[in-house]
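Asks: Pasting the sequence and the predicted model now:
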Amino acid sequence: MQATEKLVRKQYLIAPHQLDKLKVLAKKQKTSAAEVVRMAIDAFNPDVPAEMKESELFDLVSARVKEAIKDTQETRNRLEKTLAALEGDK
């Protein structure tokens, strides 16, 4: 979640077993239960069928990993340029 994002308070009912699971997930992620709910909502994609074939799932995961690698490489490049600029300022 971005720090500048405005949040809206809503109230929803969940089953006790869901609350228990939410607490466990929040503890494992070292975050709040509310953040886990926000991440779950962001991760949900109603356009993706619940029963995907293994090859389709592999393609989806592969595409996401490639995106993550590209983002990581771009971040490293920016970091290296920033560090080089800081070294030049000395």
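Replies: Everything's here; your move.
Asks: Regarding the chain, what is its longest helix?
Replies: In the chain, with assignment by DSSP state H, the single longest helix is helix 54-88.
Asks: In it, which residues are buried?
Replies: By 16 or more other Cβ atoms under 10 Å, helix 54-88 has no buried positions at all. To be clear about C-beta, it is placed using only N, CA and C from the backbone, and glycine gets the same treatment.
Asks: cool, and stretch 25-41?
Replies: 25-26, 36-37.
Asks: The most centrally placed residue in the chain: helix or strand, and which one exactly?
Replies: Central residue of the chain (Cα atoms, centre = their mean): M39, 6.1 Å from the mean position. Under the criterion of DSSP states H and E, M39 resides in helix 33-43.
Asks: Quick check on K10: phi, psi?
Replies: Torsion angles at K10 (phi, psi; degrees, to the nearest 10) stand at phi -140, psi 160.
Asks: how close does it get to S55?
Replies: 38 Å (Cβ to Cβ, to the nearest Å).
Asks: before we move on, what about E35?
Replies: E35 is 33 Å from S55, by Cβ to Cβ.
Asks: same deal with K30?
Replies: Remark: distance between K30 and S55 (Cβ to Cβ) = 35 Å.
Asks: Then N77?
Replies: Counting by Cβ to Cβ, the gap from N77 to S55 is 33 Å.
Asks: ok, back up a step: against which helices or strands is the helix holding M39 packed?
Replies: When contacts are defined as 3 or more Cβ pairs under 8 Å, 6 or more residues apart in numbering; DSSP states H and E, helix 33-43 packs onto helix 16-29.
Asks: counting contacts, what elements does the helix it packs on pack onto?
Replies: Helix 16-29 is packed against helix 33-43, with contacts defined by 3+ Cβ pairs under 8 Å, 6+ apart.
Asks: CA atoms of stretch 11-21 as CSV?
Replies: Provided in CSV are the C-alpha atoms of stretch 11-21 (Å, rounded to 0.1, in the frame of the first residue of the first chain):
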residue,chain,number,x,y,z
GLN,A,11,-17.1,-3.1,8.3
TYR,A,12,-17.5,-6.7,7.1
LEU,A,13,-18.5,-10.0,8.9
ILE,A,14,-16.3,-13.0,8.7
ALA,A,15,-16.4,-16.5,10.2
PRO,A,16,-14.4,-17.3,13.3
HIS,A,17,-12.1,-19.7,11.4
GLN,A,18,-11.4,-16.9,8.8
LEU,A,19,-10.5,-14.5,11.7
ASP,A,20,-8.1,-17.1,13.1
LYS,A,21,-6.5,-17.6,9.6
